[in-house]
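Student: how would this look folded up:
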Amino acid sequence: MDVKAFLKRIGLPESTEISASYEFLKDVQYNAVLKIAYENLEILEGKPLALDADSLFDKIVARGMGGYCFEVNGLLSAFFKDCGFEVTDYFARYLRGEPEIPMRRHRVMSVKTPDGSYFCDIGVGQSAPRYPLLMKEGFVQEQFGETYKFERDPDLGWVLYDLHKGEWREFISFTEDRVYEVDFIQPSVFCELHPSSPFNKVPMIAIKTPDGRKTIDDRLYKVFEGDRVVHSEDGISPERYHELLRNEFYLNV
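Tutor: Numbers count the residues shown, from 1 in each chain. Model prediction:
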């Protein structure tokens, strides 16, 4: 991977020093969620997604697009590996808002540093950590007005919770089974093609900001500060839609 080109894509200087530290992980993840949009545009166009590192680099870095979890977290994993980190990829379940246990159709990772292993995920369009989280059971971690913790479950494995309206809610879970890159192809194809998939219906686009996020859901554009909507446009025109993709979500369309 062209490490300098990746750093430039996320707005970090090409001269950024690569170090096996939490601070480096934090800088990379934070800048990545501010510059790489969560999006399903190629799924809507019916283009089969390629998940190998070279194809992901071409799409997200060279062509200036984004992607969903299997893409953006796949690229981030490859980047950290090329930087010399010990990275472990995991199949995950997205639990937030689910009435029952869902299938595993989310990709996350842990990255080892001298002071512990950190959970990294830039593939969530809703509110989600901007900084990596230390994988330590019961340890409450606050960032940007959001609060998270991990617990262990005998069936679900690691369970990430976020604090919502004073109550802990399940967010993401994953077990530590060994996962190979080829294992992500089948669930991605499900997300691309299956009639019950939420990813192949309407545009789902999101990007984090320092104090919130911006989203497009079908033709509804919203700007959030924390959980509060501060701007909303419904029924955006095709011209406005493409203007937003370029100027607010940094997509080269």
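Student: make it CA atoms for all contacts and neighbour counts henceforth
Tutor: Fine.
Student: so how far is residue 117 from residue 134?
Tutor: For residue 134, the distance to residue 117 equals 6 Å [CA to CA, to the nearest Å].
Student: per-residue pLDDT of residue 158, please?
Tutor: If you check residue 158, the pLDDT there is 98.
Student: can you give me the helices in the stretch 101-250 of the chain?
Tutor: Here the stretch 101-250 of the chain has its helices, by DSSP state H, counting those that start in this stretch, at 185-193, 238-247.
Student: report pLDDT for residue 1.
Tutor: 88.
Student: so what's the residue count around residue 51?
Tutor: 19 (other CA atoms under 10 Å).
Student: so it makes contact with residue 183?
Tutor: No - with contact defined as CA atoms under 8 Å, residue 51 and residue 183 do not form a contacting pair (10.7 Å).
Student: quick one, which of the helices of the stretch 101-250 of the chain is packed in tightest?
Tutor: Highest mean neighbour count among these (mean count of other CA atoms under 10 Å): helix 185-193, with a mean of 17.
Student: now that helix, how far from the centre of its chain.
Tutor: The chain centroid and the centroid of helix 185-193 are separated by 17 Å, computed with CA atoms, centre = their mean, to the nearest Å.
Student: picking that back up, can you redo the helices of the stretch 101-250 of the chain as TSV with distance to residue 55?
Tutor: Formatted as TSV, the helices of the stretch 101-250 of the chain follow (distance: least, CA to CA, whole Å):
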stretch	distance to residue 55
helix 185-193	14
helix 238-247	21
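Student: between the ones you listed, which gets nearest to residue 211?
Tutor: Nearest of the helices of the stretch 101-250 of the chain to residue 211, taken as CA to CA: helix 238-247 at 17.9 Å.
Student: for that closest one, give the mean pLDDT please.
Tutor: For helix 238-247, mean pLDDT is 98.
Student: with stretch 75-87 instead?
Tutor: For stretch 75-87, the mean confidence score works out to 97.
Student: and the contacts of it?
Tutor: Contacts to stretch 75-87, defined as CA atoms under 8 Å, 6 or more residues apart in numbering, come from residues 1, 3, 6, 18, 20, 53, 56-57, 89, 109-113.
Student: do the same with stretch 234-244
Tutor: With CA under 8 Å, 6+ apart, stretch 234-244 has contacts from 219-221, 253.
Student: so of those, which two are at opposite extremes in space?
Tutor: 220 and 253, at 18.5 Å, using CA to CA across those.
Student: more neighbours, these two?
Tutor: Comparing residue 220 with residue 253 by neighbour count (other CA under 10 Å), the higher total belongs to residue 220, at 15 against 10.
Student: ok, the closest residue in space to residue 223 that isn't next to it in sequence to residue 168 distance?
Tutor: Counting by CA to CA, 6 or more residues apart in numbering, residue 214 is the residue found nearest to residue 223 once chain neighbours are left out, at 4.5 Å. With the distance defined as CA to CA, residue 214 ends up 24 Å from residue 168.
Student: what backbone torsions are found at the nearest residue to residue 187 once chain neighbours are set aside?
Tutor: What sits nearest to residue 187 in space, not counting adjacent residues and going by CA to CA, 6+ apart, is residue 105, at 5.6 Å. Backbone geometry at residue 105, expressed as degrees, to the nearest 10, gives phi -140, psi 40.
Student: phi, psi for residue 251 please.
Tutor: phi -100, psi 130.
Student: show me the contacts for it.
Tutor: 37, 64-66, 245.
Student: go on, residue 67?
Tutor: So residue 67 contacts 36-41, 60, 123 (CA under 8 Å, 6+ apart).
Student: adding pLDDT, write the contacts of stretch 234-244 out as a markdown table.
Tutor: Shown next, in a markdown table, are the contacts of stretch 234-244 (pLDDT from 0 to 100):
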| residue | pLDDT |
| --- | --- |
| 219 | 97 |
| 220 | 98 |
| 221 | 98 |
| 253 | 94 |
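Student: thanks a lot, see you next time.
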